[in-house]
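**Q** here are the coordinates; sequence isn't available:
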C-alpha cells in the first residue's frame, strides 16, 4: 500500500530538529533510517502529521572510544556498526548481534539509535544495550538527560523517551576481553523477526561462572533480564545440574507472548534451549586461543 | 517549515535531474512512475521481499523504505544504469547460462544486492552467498541456480586477477 498523507521537514541542524519536536510533540515522528517506520506508513499502521527527517545530522553519525566507554551516535547505520573496528574489539556482543539485524539492504540504512529508541520486542540491539549496561543520551529543548538502559525500556514499544526528546547517543562500557559473551537468535529466515533470542554476558573464575547477565528478546514485550536464572548461574559450575536448574527457573523469569512467530509455550521452550547454547558458545569462545 | 511537495535534485543512473515530488511518494514509485524506470520492482512494499533493491550513494537499500524526497542530493543507481555500466555483465550472463531466473521479478533486486557482494572481490562460500541474499525472495528457482551463478562469477573474477 501507499503511505498516508503527511508533511515532511528535513532537519538541517540538531537545534532545528529539537525545536520541531518541541513544536509538534506526539504528532511529529522522527524519521531516522525508516526501516521500521516506513513499513508502518506503507501499511497505514501509523499516521503522523509530520515526519522530521534527521538523516542530515551528520554529527550523530560516529562511533568513538572515550576512556572505557564506546559512544555510538544514534544515526550510525547498522552496517557501519558492523564494520567498526572499535565495536569489533570492544563490544564483541554487538559485533555478534549485527549480522542478525535484518538483511544487508536494511542494515545499510537502518540506524543503531532508531532500533534502540523504538524498542521493538524482537529487536537485537535493545537487548544488547541492556545486557551491556548502556546509557541512553536524550536531548530536547529542555536540555540533555541520560537514562540507564535498565530504566529506559518500559513495555511494548513503550520507553522512557518523551515525545519532544531525540536519542542522540548510546554509551556502552567496553567489554572485558576475557569475559563471557554470546548472542544467539532463532528466526525463520536469517535476518527475519526473531522467534526467540538472548544476549548473554558474564565472567568466569576458576572454571566457575562468577556472574551472569541474561537478556531475552523476541518472546517478551520488552528486553527482559532473567533475574532468577542469573542468580542460579552465579558462582556455579556449568554442568548438567545447572543446565537442568536454569531450565526450571527460566519459566519464572519469562512470560512469553504468542504472536505470528510462535506460541508462548514454544517460545519458552526455545528460550531454554537457546540459553544452554549461549552459555556453551560463550565458554567455548572464552577458552579458545586468541 | 514543512511541505507536502518538495523539489529534489539528484543523480539517477549518471544523469542529473530536478523534479517536484509529493513527500509521501517512496523512491521506487518515483523511479517507476515519474522516470519510467520500471526495472525496480515493487513486491511487498514493506521491506521484506527485496524486489525493489536499488543503490543509493554506493550502498544497496530498499527502495520502498526510502522516500523520494530523501533522495535529494543522492546518487541513485537502478538496474537500468547498473546494466549500462557493465559492472555486473558477467553475473548477468551467468544468471542466463545457469537459468538463475524464471519469471524474473526478483532478478533486478537480486542483482543489485549481489553487486555489493561482488565489489568485495574476495572468495565467498555458498553459505555466505546465501546469507547475503537472505533478504531477497525468489519464488521460482529455489535459489540453488542463483548461488551457482554467483559462485561462478566470483571464481572467474578471482581467476582473472
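**A** Alright, I've got the coordinates. Keep in mind that this is a model prediction, so the values were computed, not measured.

**Q** give me the element residue A:278 is part of.
**A** helix A:264-287 (DSSP states H and E).

**Q** buried residues in that helix?
**A** Burial within helix A:264-287, assessed by neighbour count using 16 or more other Cβ atoms under 10 Å in any protein chain shown, is assigned to A:267-272, A:274-275, A:278-279, A:281-283, A:286. Using the backbone N, CA and C atoms, a C-beta is placed for each residue, glycine as well.

**Q** other SSEs contacting that helix?
**A** Using 3 or more Cβ pairs under 8 Å, 6 or more residues apart in numbering or on different chains; DSSP states H and E as the contact criterion, the neighbours of helix A:264-287 among helices and strands are strand A:180-187, strand A:194-205, strand A:208-217, helix A:240-253.

**Q** Listing partners with orientation, what would you give for the shortest one?
**A** Using DSSP bridges, the neighbouring strands of strand A:180-187 in the sheet come out as strand A:194-205 (antiparallel).

**Q** Buried residues, the strand it pairs with. List them.
**A** Of the residues in strand A:194-205, A:194-204 count as buried by neighbour count, 16+ other Cβ under 10 Å.

**Q** got the angle between it and helix A:240-253?
**A** 130 degrees (axes from the mean of the first three to the mean of the last three Cα atoms, to 10 degrees).

**Q** quick one: strand A:194-205 to chain centroid distance?
**A** 13 Å (Cα atoms, centre = their mean, to the nearest Å).

**Q** now it and strand A:208-217, what's the angle there?
**A** 160 degrees.

**Q** what about whatever residue of the stretch 101-250 of chain A ends up closest to chain B, how many neighbours?
**A** Of all residues in the stretch 101-250 of chain A, the one sitting closest to chain B is residue A:103 (2.4 Å; Cβ to the nearest Cβ). Residue neighbour count, defined by other Cβ atoms under 10 Å in any protein chain shown, stands at 25 for residue A:103.

**Q** who's residue A:30 bridged to?
**A** Here residue A:30, judged by DSSP bridges, has bridge partners residue A:52.

**Q** thought it was touching residue A:21?
**A** Yes: applying Cβ atoms under 8 Å as the test, residue A:30 and residue A:21 come out as touching, 7.3 Å apart.

**Q** how about residue 22, what does it touch?
**A** You didn't say which chain, so I picked chain A. In this structure, residue A:22 makes contact with A:140-141, A:164, judged by Cβ atoms under 8 Å, 6 or more residues apart in numbering or on different chains.

**Q** Switch to chain B, please.
**A** Contacts here follow Cβ under 8 Å, 6+ apart; on that basis residue B:22 touches B:4-5.

**Q** give me the beta-bridge partners of it?
**A** residue B:5.

**Q** still on that earlier bit, sort the buried residues of helix A:264-287 by pLDDT and name the bottom one.
**A** Ranked by pLDDT, the buried residues of helix A:264-287 bottom out at residue A:286, which scores 92.

**Q** Include pLDDT and distance to residue B:124 when you put the buried residues of strand A:194-205 into TSV, please.
**A** Shown next, in TSV, are these (pLDDT from 0 to 100; distance: Cβ to Cβ, whole Å):
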residue	pLDDT	distance to residue B:124
A:194	96	25
A:195	97	27
A:196	98	29
A:197	98	26
A:198	98	29
A:199	98	28
A:200	98	29
A:201	98	31
A:202	98	34
A:203	97	36
A:204	95	35
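
**Q** now chain B, which segments are flagged as low pLDDT?
**A** Judged by pLDDT under 70, chain B has its weakly predicted residues at B:1-2, B:161.

**Q** care to break it down by domain?
**A** Following automatic domain parsing, chain B resolves into domains at B:5-82, B:86-160.

**Q** Okay, now the last one: how far is its last residue from its first?
**A** To tie it back to what came earlier, the one meant is domain B:86-160. 17 Å (Cα to Cα, to the nearest Å).

**Q** One more: the first one?
**A** With Cα to Cα as the measure, the ends of domain B:5-82 fall 29 Å from one another.

**Q** For the residue of chain B found nearest chain A, which non-adjacent residue is closest in space?
**A** With distances taken as Cβ to the nearest Cβ, chain B approaches chain A most closely at residue B:135, which sits 2.4 Å away. Counting by Cβ to Cβ, 6 or more residues apart in numbering or on different chains, residue B:135 lies nearest to residue A:103, which is 2.4 Å off, once chain neighbours are set aside.

**Q** Ok, residue B:94 next?
**A** Excluding the flanking residues, the one nearest residue B:94 by Cβ to Cβ, 6+ apart is residue B:149, at 4.0 Å.

**Q** Show me what the helix ranked longest in chain B is packed against.
**A** The longest helix of chain B (DSSP state H) is helix B:144-160. If you count contacts as 3+ Cβ pairs under 8 Å, 6+ apart, helix B:144-160 packs onto helix B:89-97, helix B:107-118, helix B:126-132.

**Q** Good, we can wrap up now.
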